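Peer 1: Sequence and predicted model, in that order:
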Amino acid sequence: MALRVCVTGAAGQIAYSLLYSIAKGDVFGADQQLELLLLDIPPMMAVVEGVKMELSDCSLPLLKDVVATADYKEAFLNADVAILVGAMPRRQGMERKDLLKANAKIFEGQGKAINDYAKKTIKVLVVGNPANTNCLITKTCAPSIPAANFSCLTRLDQNRAQYQVANRVGVPCDKVRNVIIWGNHSATQFPDVSQAVVVTNERTPVYAAVKDDAWLKGDFISTIQTRGAAVIAARKLSSAMSAAKAIGDHMRDWWFGTQPDEWVSMGVFSDGSYGIPEGLIYSYPVKISGKEWSIVQGMEISDFAREKMDATAKELMEEKEAALSFLGQ
């Protein structure tokens, strides 16, 4: 049976980098047939039709149908997966509360449509920023879907952190494992390598492999926190190729699971683990089995980490209160 995958913001750069990877089987498996549901706003439908043409022209055997639509019902009807990429970008002169208000309206509507039309087993990944809070809005407006079926993207931050460590040590990126991104996908996030290892002939803790604690507690963290802004400054456009790669990584692991001794970072519904307030969408280290994630427990949290984890939680609490106040307006 074909998997019905909805991608919003289908006319945008991230979707353009993502859709081919999904359609050729890189994300949900080389034998999984797919139906792609491409959602965008009415003014962008001509572009989406062009994307649909290109997907057809790729002649991909797994791709059974492509639907281009601006209608929420058509986009989410019986969907198995929703990847919510489209969001209102922050524009010059726009305050953060304006951004939260604009996106609250978008994700309120999409959450209600998911609640009404999608399968109750749907897996929802929110990418559009502010991703954690947009995810919380979507989940709040889809009460019939389990909270565990919603997540937001912090895998891009994890991938960025893995590269920085691997480059420093001189190993391939896949040799750096168990990096953690705590908190918000924002400049307050905390990239944490206190539990991470470099795997060569043996498993070496990252701190021992790097041998530069000042860098790991300073420039390394700030580089990851500001990487998105650095890409925008260089490209004059936001991250697209790397974001699409991270979305594929996130969904593939959610679908097929993690290795027994490894975890990945996902923004998920907080149950109070590690002293984080319940009800936030907060990035944690998770293990995944049978398409179900669980927060990795029992890690020792240093005073250094505690301060940074609490700071990003505080920002998320403020975002949550502001965004929820906009619902129904």
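Peer 2: Thanks, I have it. Not measured: the values here are computed from a predicted model.

Peer 1: pretty sure I145 contacts A113?
Peer 2: No: in this structure I145 lies outside contact range of A113 using C-beta atoms under 8 Å: 11.4 Å. Every C-beta, even on glycine, is put in place using the N, C-alpha and C of the backbone.

Peer 1: State the pLDDT value of the residue nearest the centre of the chain.
Peer 2: For the chain, the residue nearest the mean C-alpha position is L153 (1.1 Å; C-alpha atoms, centre = their mean). Looking at L153, its pLDDT stands at 98.

Peer 1: What of D26?
Peer 2: 98.

Peer 1: what about it, how many residues close to it?
Peer 2: Neighbour count of D26, defined by other C-beta atoms under 10 Å: 16.

Peer 1: Nearest residue to it in space, ignoring adjacent ones along the chain?
Peer 2: Leaving aside its sequence neighbours, D26 sits nearest to G248 (C-beta to C-beta, 6 or more residues apart in numbering; 5.9 Å).

Peer 1: how near is the one you found to S238?
Peer 2: 17 Å (C-beta to C-beta, to the nearest Å).

Peer 1: of these two, who's got more company?
Peer 2: Under the criterion of other C-beta under 10 Å, the comparison of G248 against S238 puts G248 first, with 19 against 16.

Peer 1: In which helix or strand does the more buried one reside?
Peer 2: In the assignment (DSSP states H and E), G248 maps to helix 241-256.

Peer 1: Whatever helix or strand comes next after that helix - contacts with which helices or strands?
Peer 2: Downstream of helix 241-256, the first helix or strand assigned by DSSP H and E is strand 264-269. Where contact means 3 or more C-beta pairs under 8 Å, 6 or more residues apart in numbering; DSSP states H and E, strand 264-269 is packed against helix 131-140, strand 150-152, helix 155-169, helix 241-256, strand 281-289, strand 292-295.

Peer 1: Report the mean confidence score over the fifth one.
Peer 2: Right, the one you point to is strand 281-289. Rounded mean pLDDT across strand 281-289 is 98.

Peer 1: if we can go back for a sec, put together CSV for the helices and strands packed on strand 264-269, with distance to L99 on each row.
Peer 2: Listed next are the helices and strands packed on strand 264-269 as CSV, based on distance: least, C-beta to C-beta, whole Å:
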stretch, distance to L99
helix 131-140, 10
strand 150-152, 16
helix 155-169, 19
helix 241-256, 18
strand 281-289, 16
strand 292-295, 28
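
Peer 1: just the CA coordinates of stretch 244-256, formatted as PDB?
Peer 2: Output in PDB follows, covering the C-alpha atoms of stretch 244-256 (Å, rounded to 0.1, in the frame of the first residue of the first chain):
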ATOM      1  CA  ALA A 244      16.300  18.700   3.600                       C
ATOM      2  CA  LYS A 245      19.100  16.200   4.500                       C
ATOM      3  CA  ALA A 246      18.200  16.600   8.200                       C
ATOM      4  CA  ILE A 247      14.500  16.000   7.500                       C
ATOM      5  CA  GLY A 248      15.300  12.800   5.700                       C
ATOM      6  CA  ASP A 249      17.600  11.700   8.600                       C
ATOM      7  CA  HIS A 250      14.900  12.500  11.200                       C
ATOM      8  CA  MET A 251      12.100  10.700   9.400                       C
ATOM      9  CA  ARG A 252      14.200   7.700   8.400                       C
ATOM     10  CA  ASP A 253      15.200   7.100  12.000                       C
ATOM     11  CA  TRP A 254      11.600   7.600  13.200                       C
ATOM     12  CA  TRP A 255      10.500   5.000  10.700                       C
ATOM     13  CA  PHE A 256      13.300   2.400  11.000                       C
END
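
Peer 1: Report the buried residues of that stretch.
Peer 2: Across stretch 244-256, burial judged by 16 or more other C-beta atoms under 10 Å covers A244, K245, A246, I247, G248, D249, H250, M251, R252, D253, W254, W255.

Peer 1: what about stretch 230-239, start to end distance?
Peer 2: Stretch 230-239 has an end-to-end distance of 10 Å (C-alpha to C-alpha, to the nearest Å).

Peer 1: buried sites along it?
Peer 2: So stretch 230-239, judged by 16+ other C-beta under 10 Å, has buried residues V231, S238, S239.

Peer 1: Could you find the closest non-adjacent residue to the first one?
Peer 2: This points to V231. Closest to V231 by C-beta to C-beta, 6+ apart is S239, at 4.8 Å.

Peer 1: pLDDT score for the one you found?
Peer 2: 92.

Peer 1: returning to what we had before: is it possible to get TSV of the buried residues of stretch 230-239 that adds distance to N134?
Peer 2: Formatted as TSV, the buried residues of stretch 230-239 follow (distance: C-beta to C-beta, whole Å):
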residue	distance to N134
V231	20
S238	15
S239	17
